[in-house]
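Got a predicted model here, sequence first, then my questions.
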Amino acid sequence: MKSERIKLLTGGKKTNQKGFTLLEACFAISILSIGLLGMASMQISSINGNASAGYVTDATTLAGDQLEKLMALPYTAADLSAGTHPGTSPLPGYTIGWTVTDDSPYDDTKTITLNVTWDNHGASKSVTMQRVVARII
């Protein structure tokens, strides 16, 4: 009785399929592995991009803070004399420096060009900001 029911369900053909073959399982695992490796490389790129963005954010913050300090100084302060000035950085690995140019772009003005540099995996990177200070008469 049982064998007659199986013949009716299978159309009289004897089937011997009980699961996946070894070849099908190997193909499925290979495709999954390739996909996972691609995702892993994307994660590494994402982590490196986030770290790089963090460096730029820190450098921009340092530059903005230093420019605010310089802008608050009197027009005749030593740090606003014409020439190149080295600065100190509160964060290790960053270097701050600025250049002051007198009478630029107009008489009785000074242009401050501030540069923050850092090393990013062997490549030197920098952020530069510029402000103009006018003599108040």
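Looks like it came in fine.

ranges for the strands of this protein?
Using DSSP state E, the strands of the chain run over residues 83-86, 94-102, 109-120, 123-134.

Can I get these in JSON lines including mean pLDDT and mean neighbour count?
For the C-beta atoms, the positions are set from N, CA and C on the backbone; glycine is no exception. Below are the strands of the chain laid out as JSON lines (pLDDT from 0 to 100; neighbours: other C-beta atoms under 10 Å):
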{"stretch": "strand 83-86", "mean pLDDT": "96", "mean neighbour count": "11"}
{"stretch": "strand 94-102", "mean pLDDT": "96", "mean neighbour count": "18"}
{"stretch": "strand 109-120", "mean pLDDT": "94", "mean neighbour count": "18"}
{"stretch": "strand 123-134", "mean pLDDT": "94", "mean neighbour count": "13"}
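
could I get the ones you listed as JSON lines with distance to Met39?
Shown next, in JSON lines, are the strands of the chain (distance: least, C-beta to C-beta, whole Å):
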{"stretch": "strand 83-86", "distance to Met39": "45"}
{"stretch": "strand 94-102", "distance to Met39": "34"}
{"stretch": "strand 109-120", "distance to Met39": "25"}
{"stretch": "strand 123-134", "distance to Met39": "27"}
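
chain center to the helix ranked longest in the chain: distance?
As assigned by DSSP state H, the longest helix anywhere in the chain is helix 22-72. In this view, helix 22-72 has its centroid 7 Å away from the chain centroid, taken as C-alpha atoms, centre = their mean, to the nearest Å.

For the chain, which residues score under the pLDDT cut-off?
1-17 (pLDDT under 70).

rerun that using 80 as the cut-off
Within the chain, the stretches with pLDDT under 80 are 1-20, 121, 137.

Now Ser52. Nearest residue, chain neighbours left out?
Asn120 (6.4 Å; C-beta to C-beta, 6 or more residues apart in numbering).

For Gly49, see how far away that neighbour is.
12 Å (C-beta to C-beta, to the nearest Å).
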